[in-house]
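Undergrad: Make a model of this:
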Amino acid sequence: MSITITPFTKQQLLPQEEKLEVARKKSELFIGIPKETSYQERRICLTPDAVNSLTYHGHRVMIEAGAGLNSSYTDKEYCDAGAEVTSDTKKVFSCPMILKVEPATLAEIEMMNPQTILLSAIQLKTRKKVYFEALTKKKITALAFEYIKDEDGTYPAVKALSEIAGIASILIAAELMITNEFGKGLLFGNITGVPPTDVVILGAGTVGEFAAKTAIGLGANVKVFDNSITKLRRLQNNLNQRIFTSTIQPKSLLKALRRCDVAIGAMRGKERCPVIVTETMVEHMKNGAVIVDVSIDTGGCFETSEVTSHEKPTFIKNNVLHYCVPNIPSRYSKTASLSISNIITPYLMQIAADGGIESAIRCDKGLKNGVYMYHGILTNSAIGDWFDLPNNDINLIVF
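TA: Just a heads-up that it's a prediction; the model follows:
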């Protein structure tokens, strides 16, 4: 067998040009942060430290005067961080990018310039068709915190706020056990010679997990109910200890509720949260027991639950104290603001580094998942089906 060796040509032996990747042109962001006007909303999207990081990298941040006060951040702190502080609301809404915790109102959308980028929560169950029509009219690109995915496929904003809600539900219950109208004066925990507090948690998701961790840390006896064996198994593994877990069987649930001092509602549903505990079950609970229904945001999982406010958070029904305040994380506004800011700031840096929102969503599938309106075109099929609106697949628009 013969092997033919092809000689190098003169051109092949000459030095060749190296082909380098063309660097993306970075963009400078101009972010407006208005004061939250929604009822009971006390959080803010960016802390002064986050603003300082953005301005250090050459970006502009304009914030409405007093926007951070409910989260214990003063205008001076934002000013020292490099933000432009103004009392002119319209001036803030004229910025090319708007950051809000709550969804924008129709009046606020009207103040925005065409082609504005809006980054906020969407809270789909509180939206109306006219909201999306207003965004379309202004050709706004809108992203929802709740829809943005992390590298591992989880929703970081939802998870972070659920962690706060889970921990808070136990702290609120502990406070109510001492000061409620029944005068129970019970200490949440496990004291030598005193029976431990009995806690029933409905739901083994993130809220249920962090409620269980907090209750166990205080020495309580915890029982968790959920119809998903997978979630119950994951919760057991994450807690790193064995606790009572069960699928939701009316007989065993009633038995647990009759003995418990605190019941936490942490169930979720695709649309409305399922009602797990009937009024008859609540009637069989101890006098002075405490219910904290975190699921009230989606309707509540106790039949006796009624929406309350941070100003008047509790009511008594069937001799059981109910706490049914929506948006529990807003009660802990500084912690929640820090959490939201930690999630949003890296995405803002990424958008700038990639050269703008268009390039960023091409490169990051998780960020792309957060887009529900692209230059006025609805790109979320679930929203389109819900409100009977025309929608397009964002992958066919941005690729």
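
Undergrad: Now do the same contact list for the residue lying closest to Met112 once chain neighbours are set aside.
TA: Nearest residue to Met112, sequence neighbours excluded (C-beta to C-beta, 6 or more residues apart in numbering): Phe93, at 5.3 Å. Every residue, glycine included, has its C-beta placed from N, CA and C. Phe93 makes contacts with Gly32, Pro34, Glu108, Met111, Met112, as judged by C-beta atoms under 8 Å, 6 or more residues apart in numbering.

Undergrad: and what of Arg258?
TA: Neighbours of Arg258 in contact, by C-beta under 8 Å, 6+ apart: His284, Met285, Lys286.

Undergrad: Buried among these? Make that a PyMOL selection.
TA: In PyMOL, a selection of the buried entries from the contacts of Arg258 looks like this (16 or more other C-beta atoms under 10 Å):
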select buried, resi 285+286
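
Undergrad: The residue nearest the centre of the chain is in what secondary structure piece?
TA: What sits nearest the mean C-alpha location of the chain, by C-alpha atoms, centre = their mean, is Val158, with 3.3 Å. Using DSSP states H and E, Val158 sits in helix 156-179.

Undergrad: Direction included, what does the helix or strand that that helix is followed by pair up with?
TA: Per DSSP H and E, the first helix or strand lying C-terminal to helix 156-179 is strand 198-202. Taking DSSP bridges as the criterion, strand 198-202 sits next to strand 221-225 (parallel), strand 262-265 (parallel) in its sheet.

Undergrad: which residues touch the nearest residue to the residue nearest to the centre of the chain once chain neighbours are set aside?
TA: Nearest non-adjacent residue to Val158, counting by C-beta to C-beta, 6+ apart: Glu146, 5.5 Å away. Contact analysis of Glu146 by C-beta under 8 Å, 6+ apart lists Ala121, Ile122, Gln123, Tyr155, Ala157, Val158.

Undergrad: one more time with 7 Å
TA: Contacts for Glu146 (C-beta atoms under 7 Å, 6 or more residues apart in numbering) come out as Ala121, Ile122, Tyr155, Ala157, Val158.

Undergrad: any idea how far Ile248 is from it?
TA: Distance from Glu146 to Ile248, counting by C-beta to C-beta, to the nearest Å: 26 Å.

Undergrad: Kindly report the same for Gln123.
TA: Counting by C-beta to C-beta, the separation of Gln123 from Ile248 is 27 Å.

Undergrad: Pull out the buried positions in stretch 240-254.
TA: Going by 16+ other C-beta under 10 Å, stretch 240-254 has these buried residues: Ile243, Thr245, Ile248, Leu253.

Undergrad: got TSV for those, with pLDDT too?
TA: Below are the buried residues of stretch 240-254 laid out as TSV (pLDDT from 0 to 100):
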residue	pLDDT
Ile243	93
Thr245	95
Ile248	94
Leu253	96
